[in-house]
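Student: Got a predicted model here, sequence first, then my questions.
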Amino acid sequence: MKIGLVTPYVYPMPGGVNDHVGSLYRVLRSRGHDVRIITSSHGLQKASEGDVIRIGKGFSVPFNGSMGTITLSPTYLKQVRELLEREQFDVLHFHEPFVPFLSLVVLTLSKSVNIGTFHAFGGLSLSYEFGRRVMGDYANRLHGRIAVSPAARHFISRYFPSEYKIVPNGVEPSRYRNAVPISRYRDGVPNVLFVGRMEPRKGLIHLLRAIRKMQVNGEQVRLLIVGTGPGEREARRYVLTRQLNDVEFLGRVSDGEKAQLFKTADVFVSPATGRESFGIVLLEAMSAGAPVICSDIHGYRAVVRRERDGILVPPADSDALADALGRVIHDPALKARLSAAGIERSELFTWDRVGASVDEYYGFVIRRLAEQGALPSGFNAPIPAPPGPRRRSA
């Protein structure tokens, strides 16, 4: 089949949705499909780069406690019509399909089988609350809907009730499992790792308070912070005014360096306070064998099972974080058990598994449309056969 993956965020700029789209592109290609990525541009990027097709300009805007993107173009309709006529997609797969305006324009003009994947989770969304009547017509153009977690399904179905297939985010465990630890941090001081954008919902300030409590109590611990963001100045000020020791701000790092840092960590901590639909960063840490401590929030419970694959603590509770860190650092048996369980757990979320589930869902939706006599006029590929019985894993 010919498949178009539509991302409203500027690909391949870093971000959870774009990482998902890039990995899904590679897996679907390996499964024999002809795949393109449809996205916008930002800055001086070329209009077309191989299988990446760019339409419009992307602009960053605040969304869901973080930063999102809207795309604009004065010639959207003309460009999209020409694109769809030229490419003749059998399936268009929209990631966050209601983010304006690229996805909405493509969805409006599509004559393909339309699949939507919903990644976000939050509390009350004013944009969806006030826009769901307008968006209802767009939602009705989706032939199939995927949510990356129960949290994401709960969030989107509040505004657009329907049937949602849960297909999680994926990870490549071997990338992290085979990474080499960074030697300068292997000096006997326990390494605590944080990876994330420095913004309030990621909860870094609560981890810093936990580290301060441990150091005040005489414990030697190093905190490695990966990422940047609007909260960096506050975090640096806290470290300076509280005279915390061994706190390193590493900024943005490459994927290879990130894998090495996960492999170096004695503990990985994700103290997010909420609005997380899925814990992909938890899976990355688990793949490397790093014991995980994270907040007990809806999105993270889809990945970490309490006291089995990691330790869940109440969000925004620095005392609980400090206690959990002390437990893992000072209990080698617990650390080893969490490490082994995390590695095993991460194997259930490989991109080969996730990509196969997405591909099978395409087939399910296409067969259902065919049985109803409702296949869109743009679908020209053979009808996929039903999957055979799956072998049960040991």
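Tutor: The structure has been received and is ready for your questions.
Student: For beta bridges, what are the partners of Val35?
Tutor: For Val35, the beta-bridge partners are Ile3 (DSSP bridges).
Student: Enumerate the positions of stretch 74-88 that are buried.
Tutor: 76, 79-80, 83-84, 87 (16 or more other Cβ atoms under 10 Å). No exception for glycine: its C-beta is placed from N, CA and C like everyone else's.
Student: Any regions of the stretch 201-350 of the chain where pLDDT drops low?
Tutor: Residues of the stretch 201-350 of the chain meeting the criterion pLDDT under 70: none.
Student: hey, where'd the helices end up in it?
Tutor: 204-216, 232-241, 255-264, 280-287, 318-330, 332-346 (DSSP state H, counting those that start in this stretch).
Student: can you name the two of the buried residues of stretch 74-88 that are farthest apart?
Tutor: Spanning the widest gap among these are Tyr76 and Glu87, at 16.1 Å by Cβ to Cβ.
Student: Out of the helices of the stretch 201-350 of the chain, which gets nearest to Ser183?
Tutor: Ser183 lies closest to helix 255-264 among these, at 8.9 Å (Cβ to Cβ).
Student: so how far is the closest one off the chain centroid?
Tutor: Taking Cα atoms, centre = their mean, to the nearest Å, one finds the center of helix 255-264 at 18 Å from the center of the full chain.
Student: Just list what that helix packs against, helices and strands only.
Tutor: The helices and strands touching helix 255-264, judged by 3 or more Cβ pairs under 8 Å, 6 or more residues apart in numbering; DSSP states H and E, are helix 173-177, strand 191-195, strand 222-226, helix 280-287.
Student: again, only this time at 10 Å
Tutor: Applying 3 or more Cβ pairs under 10 Å, 6 or more residues apart in numbering; DSSP states H and E, one finds that helix 255-264 contacts helix 173-177, strand 191-195, strand 222-226, strand 247-251, helix 280-287.
Student: okay, these in TSV with distance to Asp317 next?
Tutor: Shown next, in TSV, are these (distance: least, Cβ to Cβ, whole Å):
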stretch	distance to Asp317
helix 173-177	28
strand 191-195	16
strand 222-226	17
strand 247-251	20
helix 280-287	18
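Student: ranking these by burial, who's on top?
Tutor: helix 280-287 (a mean of 27; mean count of other Cβ atoms under 10 Å).
Student: That one versus helix 332-346: what angle between them?
Tutor: Counting by axes from the mean of the first three to the mean of the last three Cα atoms, to 10 degrees, helix 280-287 lies at 120 degrees to helix 332-346.
Student: other SSEs contacting helix 280-287?
Tutor: helix 16-30, helix 173-177, strand 191-195, helix 255-264, strand 267-270, strand 292-295, helix 332-346.
Student: at 7 Å what do you get?
Tutor: Where contact means 3 or more Cβ pairs under 7 Å, 6 or more residues apart in numbering; DSSP states H and E, helix 280-287 is packed against helix 173-177, strand 267-270, strand 292-295, helix 332-346.
Student: And Arg392, what's its pLDDT?
Tutor: At Arg392, the pLDDT value in this model is 44.
Student: mind giving me the domain ranges of this protein?
Tutor: Annotated domains of the chain cover 2-170+350-371, 173-348 [automatic domain parsing].
Student: Now distance to Phe379 too, for the ones you listed, in TSV please.
Tutor: TSV is the format used below for the domains of the chain (distance: least, Cβ to Cβ, whole Å):
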stretch	distance to Phe379
domain 2-170+350-371	5
domain 173-348	30
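Student: re earlier: distance to Pro315 added to the helices and strands packed on helix 280-287, as CSV?
Tutor: What follows is those, written out as CSV (distance: least, Cβ to Cβ, whole Å):
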stretch, distance to Pro315
helix 173-177, 25
strand 267-270, 10
strand 292-295, 4
helix 332-346, 20
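Student: for Lys2, what are its contacts?
Tutor: By Cβ atoms under 7 Å, 6 or more residues apart in numbering, the contact list for Lys2 reads 34, 87-90.
Student: Not counting its neighbours along the chain, what's nearest it?
Tutor: Nearest in space to Lys2, with sequence neighbours left out and distances taken as Cβ to Cβ, 6 or more residues apart in numbering, is Asp34 at 4.6 Å.
Student: Arg305: neighbour count?
Tutor: When neighbours are defined as other Cβ atoms under 10 Å, Arg305 has 12 of them.
Student: Relative to Ile280, how far out is the nearest residue to it once chain neighbours are set aside?
Tutor: Nearest non-adjacent residue to Arg305, counting by Cβ to Cβ, 6+ apart: Arg345, 7.7 Å away. As judged by Cβ to Cβ, to the nearest Å, Arg345 and Ile280 stand 13 Å apart.
Student: Then Ile343?
Tutor: Ile343 is 16 Å from Ile280, by Cβ to Cβ.
Student: now do Ile146
Tutor: Ile146 is 15 Å from Ile280, by Cβ to Cβ.
Student: can you check Pro382 too?
Tutor: Applying Cβ to Cβ to Pro382 and Ile280 gives a distance of 34 Å.
Student: do the same with Leu204
Tutor: Per Cβ to Cβ, Leu204 is found 18 Å from Ile280.
Student: Arg212 too?
Tutor: 28 Å.
Student: can you pull the buried residues of the top helix by length along the chain?
Tutor: The helix spanning the most residues in the chain, taking DSSP state H as the definition, is helix 351-371. Residues of helix 351-371 classed as buried under the neighbour-count rule (16+ other Cβ under 10 Å) are 351, 353-362, 365-366, 369.
Student: No further questions, thank you.
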